[in-house]
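Student: build me a structure from this.
(chains A and B)
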Amino acid sequence: EAGVVQSPRYKIIEKKQPVAFWCNPISGHNTLYWYRQNLGQGPELLIRYENEEAVDDSQLPKDRFSAERLKGVDSTLKIQPAELGDSAVYLCASSSRRGPTEAFFGQGTRLTVV
Amino acid sequence: QKEVEQDPGPLSVPEGAIVSLNCTYSNSAFQYFMWYRQYSRKGPELLMYTYSSGNKEDGRFTAQVDKSSKYISLFIRDSQPSDSATYLCAMSAQGAQKLVFGQGTRLTINP
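Tutor: Numbers count the residues shown, from 1 in each chain, chains lettered A, B, ... in the order given. Sure, this is the predicted structure:
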């Protein structure tokens, strides 16, 4: 079974530029999460999808961050414009209906804003 | 105060030692308790999870939950250099789909 696939693995951009991350969850997993992990910290939830519906986006900085999950499968997370403080690892995870105890993570996208 | 507190370490022990990793939490609604292992430049990988209080054993790993003290532990017996990683505790309330993570403890097992 293929795991959660994320791309790109690494991205370096200048501040004020836009950037997008892509995630392909495990087949059949209805729940998809985007987490942000700052250096030396645990992941923090940005947004959670149930199928194509965003059901928890309270921690998403909506002035510059946006996300979509078309057809309830792949998802894209976008930042526009990026700021220096956005440098972090962006992790995608997915789980089945059984909930977060079965969440599987991708390898993440390491973003550096210069 | 964070909902979940975890000593970030770093923790360095010799091969074969018993390792104890701990987290405390403040939210009494947490019912699911998980331990993730994260190798450098990789995503977190689920090691074990426990529902409510008690112990759970899986090979060299034992997870303990003490809800009365709001304290969870992960023990690693006969530690190996391949166990060197960052260990993250995570928790979730019943019916919630959100994981709350600790800061992570960076562990090094020295040959």
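
Student: so what pLDDT did A:Val4 get?
Tutor: We have a pLDDT of 96 for A:Val4.

Student: and for it, nearest residue in space, chain neighbours not counted?
Tutor: A:Gly106 (3.7 Å; Cβ to Cβ, 6 or more residues apart in numbering or on different chains). (Glycine included, C-beta is placed from N, CA and C.)

Student: isn't that neighbour right up against A:Ala93?
Tutor: Yes - if you go by Cβ atoms under 8 Å, A:Gly106 and A:Ala93 touch, sitting 7.0 Å apart.

Student: between the two, which one's more packed in?
Tutor: Between A:Gly106 and A:Ala93, A:Ala93 has the larger neighbour count (other Cβ atoms under 10 Å in any protein chain shown), namely 29 against 25.

Student: ok, what's across the strand from that one?
Tutor: A:Tyr33, A:Phe105 (DSSP bridges).

Student: and it, how close does it get to A:Ser87?
Tutor: 20 Å (Cβ to Cβ, to the nearest Å).

Student: same check, this time on B:Lys56
Tutor: Counting by Cβ to Cβ, the gap from B:Lys56 to A:Ser87 is 37 Å.

Student: for B:Ser12, same thing?
Tutor: 28 Å.

Student: more neighbours, these two?
Tutor: The neighbour count for B:Ser12 versus A:Ser87, taken as other Cβ under 10 Å, is higher for A:Ser87 (17 against 12).

Student: show me the contacts for the more buried one.
Tutor: A:Leu111, A:Thr112, A:Val113 (Cβ atoms under 8 Å, 6 or more residues apart in numbering or on different chains).

Student: report pLDDT for it.
Tutor: For A:Ser87, the predicted pLDDT is 98.

Student: then B:Gly104?
Tutor: Predicted confidence (pLDDT) for B:Gly104: 96.

Student: got the contact list for it?
Tutor: Per Cβ under 8 Å, 6+ apart, neighbours of B:Gly104: A:Gly40, A:Gln41, A:Gly42, B:Gln6, B:Pro8, B:Gln38, B:Thr86, B:Tyr87, B:Leu88.

Student: can you pick the most crowded of these?
Tutor: Tallying neighbours with other Cβ under 10 Å puts B:Leu88 at the head of the contacts of B:Gly104, with 28 neighbours.

Student: identify the contacts common to A:Gly106 and A:Ala93.
Tutor: A:Val4, B:Gly43.

Student: list the buried ones in the helix or strand containing A:Thr112?
Tutor: Per DSSP states H and E, A:Thr112 falls inside strand A:109-113. Neighbour counts over strand A:109-113 (16 or more other Cβ atoms under 10 Å in any protein chain shown) mark A:Thr109, A:Arg110, A:Leu111, A:Val113 as buried.

Student: right, I'll leave it there.
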